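Participant: show me how the following folds:
(one chain, ligands or ions: 2)
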Amino acid sequence: MSDSGNRTSHIRLTSHPGAGAPIRYPIKWGAADPLERGPVIGTVSRAGDRNTIGSHGGSYSLYRALAVSSGALNPIQRPDLTNTSPVVGVGPFPQWGTPGKIVSLDPFGHMVASLYGDLIAEGVDIRPTIAITKARLTVMELQQAIRDQRLKVDGDIVREGGEISVVKAAVDPVWYLPGIAERFGVSDEKLRRTLFEQTAGMYPELVTRPDLDVFLPPIGGITLYIFGDPSAIADPKRRLTCRVHDECNGSDVFGSDICTCRPYLIHGIEECVKEAQAGGAGLVVYNRKEGRALGEVTKFLVYNARKRQEGGDTAAKYFERTECVAGVQDARFQQLMPDVLHWLGITRIDRFVSMSDMKYDAITGSGIEIGERVPIPADLIPIDAMVEMEAKKAAGYFTPEAPPAVEDLLSTKGRPIEEY
Ligand SMILES: Nc1nc2c(ncn2[C@@H]2O[C@H](COP(=O)(O)OP(=O)(O)OP(=O)(O)O)[C@@H](O)[C@H]2O)c(=O)[nH]1
Ligand SMILES: [Zn+2]
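Facilitator: Ligands and ions are numbered 1, 2, ... in the order given. Model prediction:
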């Protein structure tokens, strides 16, 4: 092969692949016809085929680099996609071809092997950015829900052993930069320049190649868990329960009691299962945006600052402490979150398991109807997480009761650091 990428000894600057040569495989973002839209190509082994900034795998591209540098991975290796196709079809939906509806993922990302099979056979390095498979979940709290007769075994969604059958999908981010800029109300040029500067110049094409509109950012993706018949999700005549959840590893996996994340997530799953058993569908969207997209180091620093501050860990100072450490209270900016719902063809969520006004506003603002909002049941809130709960209600999170008064915010206190 003449174009053997990393094996050549000279450094190839991605920003100058062919000094102004036209893009061989242009992307027409938002086109409904996948052939007109064209494949997203983030290959690093055939520079002339590239039509994106960045490379595949999100943050894992750096592990790929380690594997290549240590000789464990051949840099021109192509994935063998035999038998990897989605276990259920998703789309196409009208949203995929509606300009501006989807700007942070590739709606054709799960179908590339069949859509662009000829190009792949010719040696073009086109990779799926979405994979759809099946799983059975064994969740301790839900096993207990079966014993408590809140959930019933039906042999299909909830199996005899108490496992829950799901379809799950992993989605890597693919950013259409003009669309992202529009969502955030900034110019394309300003967005590109800020991305370039804040990654310390990691992707020079952001500023040198305005003709490349698509960026594969090195950030975490999304996992979807679908309960019941997947085709019910996009059908407005069938009910849909949905929880949109942002990663909180400490609680979700390890059961830390400082927040409501795991209990609310599991409650969401339980509600999804019930909806599926009643003939509708359930959906959990799990976003890799740890610590409100500020990261776990920031979050743990905030915990210390909260627990050691004068007057104790009060709901009154909850958001302020994050802002002191990170400069902002929240970096999730829910503007991009509804994209994955549009990818699934959703037009209505009957039961939305979240109290977040930011998630609610983003979803309804993007044209999806929400019926009922389902708060976390009071008996699922750990005592130490009352600080978070009261602070959120005071900040505008949905609550069926009146938001807490100032005295309540001062008197709702978490455990001091000495008591762990
Ligand atoms: N920076 C920071 N992040 C926190 C803190 N407490 C919780 N988090 C993060 O906040 C996020 C909570 O996300 P979700 O569980 O989706 O909850 P939410 O957006 O507040 O709203 P709900 O849908 O009502 O639960 C997770 O990413 C947590 O890691 C904190 O004190 N500081
Ligand atoms: Zn949490």
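Participant: can you pull the residues of this protein lying near ligand 2?
Facilitator: Among all residues of the chain, those adjacent to ligand 2 (criterion: C-beta under 5 Å from the ion) are 248, 251, 259, 261. Where you see a C-beta, it was placed from the backbone N, CA and C, and this is true even at glycine.
Participant: quick check: the last one vs Asp246, distance?
Facilitator: The reference is to Cys261. Counting by C-beta to C-beta, to the nearest Å, the gap from Cys261 to Asp246 is 8 Å.
Participant: contact partners for Ile233?
Facilitator: When contacts are counted by C-beta atoms under 8 Å, 6 or more residues apart in numbering, Ile233 touches 226, 240, 281, 283, 344-346.
Participant: now for Ile27: which residues touch it?
Facilitator: By C-beta under 8 Å, 6+ apart, Ile27 lies in contact with 37-40, 51-52, 213-214.
Participant: nearest to Ala145 among these?
Facilitator: Val40 (41.3 Å; C-beta to C-beta).
Participant: ok but that closest one is inside a strand, no?
Facilitator: No. Counting by DSSP: H, G, I helix; E, B strand; the rest coil, Val40 is located in no strand; its state is coil.
Participant: correct me, but it touches Phe215?
Facilitator: No. Val40 is beyond contact range of Phe215, at 10.2 Å (criterion: C-beta atoms under 8 Å).
Participant: higher neighbour count, those two?
Facilitator: When Val40 and Phe215 are compared on other C-beta atoms under 10 Å, the one with more neighbours turns out to be Val40, at 25 against 22.
Participant: so what's the closest residue to that one other than its chain neighbours up against?
Facilitator: The spatially closest residue to Val40, leaving aside those adjacent along the chain, is Asp106, at 5.2 Å (C-beta to C-beta, 6 or more residues apart in numbering). For Asp106, the contacting residues are 40, 129-130, 174, by C-beta under 8 Å, 6+ apart.
Participant: need the max-distance pair from those residues.
Facilitator: Taking C-beta to C-beta, the two most distant members of these are Val40 and Ile130; they sit 11.0 Å apart.
Participant: which neighbours do those two share?
Facilitator: Taking C-beta under 8 Å, 6+ apart as the contact rule, the neighbours common to Val40 and Ile130 are 106, 109.
Participant: give me the neighbour count for Ile164.
Facilitator: Look at Ile164: counted by other C-beta under 10 Å, it has 24 neighbours.
Participant: what do you get for Val174?
Facilitator: Val174 is flanked by 28 other residues according to other C-beta under 10 Å.
Participant: that one contacts Leu216, doesn't it?
Facilitator: Yes. The pair Val174 and Leu216 qualifies as a contact (C-beta under 8 Å) at a distance of 6.1 Å.
Participant: hmm, who's touching the lowest-mean-pLDDT helix or strand in the chain?
Facilitator: One helix or strand of the chain scores below all others by mean pLDDT, DSSP states H and E: helix 406-411, with a mean of 87. Residues outside helix 406-411 that contact it (C-beta under 8 Å, 6+ apart) are 311, 314-316, 390-391, 394.
Participant: now, of the residues you listed, which are buried?
Facilitator: Applying 16 or more other C-beta atoms under 10 Å to these, the neighbour count classes 314-316, 390-391, 394 as buried.
Participant: closest to ligand 1 out of these?
Facilitator: The shortest gap between ligand 1 and any of the buried ones among the contacts of helix 406-411 belongs to Ala391, at 9.0 Å (C-beta to the nearest ligand atom).
Participant: alright, I will stop here.
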